[in-house]
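K.L.:
test case, fold it:
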Amino acid sequence: MQDQAEVKLILLCPDNGFSNQVIEAIGDSPIQFRSAHTRAKSEHLLETVTPDLVLSTEDTDWAEPIFSALRTRVPNEQPLIISLSDRLPKPTHPSVDMWLPYSALASLPIHLNNALVWRQQLLDQKMRCAQLETTRERLENEIQMQQQSSFAMLEQIKNAVVYNVTHELRTPLLQVKSAVSLLGDAIDREDSTFQLAIIALGRLDTGIRNLGLLNSLIQAGLDRESFTVTPVTDIVESATHYVKRIWEHREQLDRLKVKYENKLLPIACDPKRLSLALGLIMDNALKFSKKRVNITIQPVPGGVRFTVKDQGIGIPAAQLMNIFDIFYQVDGSITRRYNGMGIGLAIARHIVESHGSTIHVNSDEGKGTTFSFDIYDPQPPLK
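P.N.:
Okay, the predicted model is just below:
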């Protein structure tokens, strides 16, 4: 038997005579042999000695909880538990690793040697698994750090590109607008070519402004100090004023119909940004609808719900989840027919989500679209 002097063997058996048989079977081998005949003595012995092998006879059902406690106490040493029985171990003995019949007692040293080899294989396998797990965790951490570094670099590149693009375009755009305005003084301002130029410039101006605004919002986040308790009517009025200021068809703003349901308490929010989000949604509704746009403000448990419903072209169901993506347009004809670059709804979503809420959208193609979001009082969860 390998390294017999280092092997600790414990026998749990109520029969003292059987212990003598085991001692006789072991013979002159220098195994450190101990035995216990009662549960109390077994518990005491296994608390003080960590064995390599444990022999248990079939009349020691009381030993199962002791085995479980031993495994919990020394999980890395993996004591091997052997059941001596002429019957297979019961399913209620999950801790038993190996079964030997009583007839194996005549060649017990050979069986114990095989058991030790098996135990060593188990320990080696467990060590390799632990090493692999450590390596896996290290690699995962390295990959995560590399990803974070890559994301940070990409974010810096993106911010730099957005800033430079918007900054570099503003000056030539202003020059082109001035030139077109001067041309308008020399030609009929109702000329279709002049009107197309004005619309295109307006679209480009709005797109550049919104792109820079979205980038600054993402970088700055939402400042808790900017939260104030604001009347809902102030938010709606500011949103309407925003639409009047940016929308090209100001003469059609009477299509906006605002309805306040029941008494509305003030809400804690960033009023400037929340008004911007509502204004962008209202602007979107006016663009894609030639009929009335209904804005409904109603109380909900813990806050207020803002709803903007138009009677416009609607959105295909398959594309509903994409409309908040930056630069997304339902199709090319939409881009040509309606002013905008697909940035406004992305800004609105970011602002609403920063207030701890979500924009919901429902649409019936050809009949209209409804946007809604809830703002809770007094303080939404900041992101």
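
K.L.:
ok, how many other residues are close to Ile110?
P.N.:
By the criterion of other CB atoms under 10 Å, Ile110 has 11 neighbours. In short, each C-beta sits where N, CA and C put it, glycine included.

K.L.:
for Phe371, see how far away it is.
P.N.:
80 Å (CB to CB, to the nearest Å).

K.L.:
go on, Val232?
P.N.:
17 Å.

K.L.:
who has more neighbours, the two?
P.N.:
More crowded of Val232 and Phe371, by other CB under 10 Å: Phe371, with 26 against 20.

K.L.:
ok, that one - contacts?
P.N.:
281, 284-285, 307-309, 359-361 (CB atoms under 8 Å, 6 or more residues apart in numbering).

K.L.:
just the buried residues out of these, in PyMOL syntax.
P.N.:
Selecting only the buried entries of those in PyMOL, with 16 or more other CB atoms under 10 Å as the criterion:
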select buried, resi 281+284+285+307+308+309+359+361
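
K.L.:
which ones among the contacts of Phe371 map onto helices?
P.N.:
Counting by DSSP state H, the members of these that fall within helices are 281, 284-285.

K.L.:
break the chain into its domains for me.
P.N.:
The record's domain parsing of the chain by automatic domain parsing lists 4-129, 225-376.

K.L.:
and the helices in the stretch 51-200 of the chain?
P.N.:
Secondary structure of the stretch 51-200 of the chain (DSSP state H, counting those that start in this stretch): helices at 64-73, 108-186, 192-220.

K.L.:
rank the ones you listed by pLDDT, which is bottom?
P.N.:
Looking over the helices of the stretch 51-200 of the chain, mean pLDDT reaches its minimum on helix 192-220, with a mean of 66.

K.L.:
follow-up on the earlier one: make TSV out of the contacts of Phe371 and add pLDDT and distance to Glu140.
P.N.:
Converted to TSV, the contacts of Phe371 look like this (pLDDT from 0 to 100; distance: CB to CB, whole Å):
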residue	pLDDT	distance to Glu140
Ile281	91	41
Asn284	85	42
Ala285	87	46
Thr307	95	45
Val308	94	45
Lys309	93	47
Ile359	90	35
His360	91	36
Val361	90	37
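
K.L.:
check the gap between Glu24 and Ala106 for me.
P.N.:
10 Å.

K.L.:
and if you look at Ile235?
P.N.:
On the measure of CB to CB, Ile235 and Ala106 end up 91 Å apart.

K.L.:
one more: Ser363?
P.N.:
From Ser363 to Ala106 the distance is 84 Å (CB to CB).

K.L.:
so Asn294 lies in a strand, does it not?
P.N.:
Yes - with DSSP: H, G, I helix; E, B strand; the rest coil as the criterion, Asn294 is part of a strand.

K.L.:
quick check: bridge partners of the closest residue to it other than its chain neighbours?
P.N.:
In space, and not counting its chain neighbours, Asn294 is closest to Lys309: 4.7 Å by CB to CB, 6 or more residues apart in numbering. Beta-bridge partners recorded for Lys309 (DSSP bridges): Asn294, Thr370.

K.L.:
contact partners for Lys309?
P.N.:
285, 293-296, 368-371.

K.L.:
next, give phi and psi for the closest residue to Arg34 other than its chain neighbours.
P.N.:
Spatial nearest neighbour of Arg34, excluding adjacent residues (CB to CB, 6+ apart): Ile10 at 5.0 Å. Main-chain dihedrals, Ile10, degrees, to the nearest 10: phi -120, psi 130.

K.L.:
for Ile10, what are its contacts?
P.N.:
33-36, 45-46, 49, 51, 53-55.

K.L.:
TSV for those, including distance to Trp99, neighbour count and pLDDT?
P.N.:
Converted to TSV, the contacts of Ile10 look like this (distance: CB to CB, whole Å; neighbours: other CB atoms under 10 Å; pLDDT from 0 to 100):
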residue	distance to Trp99	neighbour count	pLDDT
Phe33	21	18	84
Arg34	22	17	86
Ser35	20	19	86
Ala36	21	21	87
Leu45	22	16	86
Leu46	20	23	84
Val49	23	11	84
Pro51	18	22	87
Leu53	14	21	88
Val54	13	24	88
Leu55	11	27	87
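
K.L.:
what sits up against the helix or strand containing Val258?
P.N.:
For Val258, the host element (DSSP states H and E) is strand 256-260. Contacts with strand 256-260, where a contact means CB under 8 Å, 6+ apart, come from 232-233, 236, 240, 243, 282, 286, 292-298.

K.L.:
rerun that using 7 Å as the cut-off
P.N.:
236, 240, 282, 292-297 (CB atoms under 7 Å, 6 or more residues apart in numbering).
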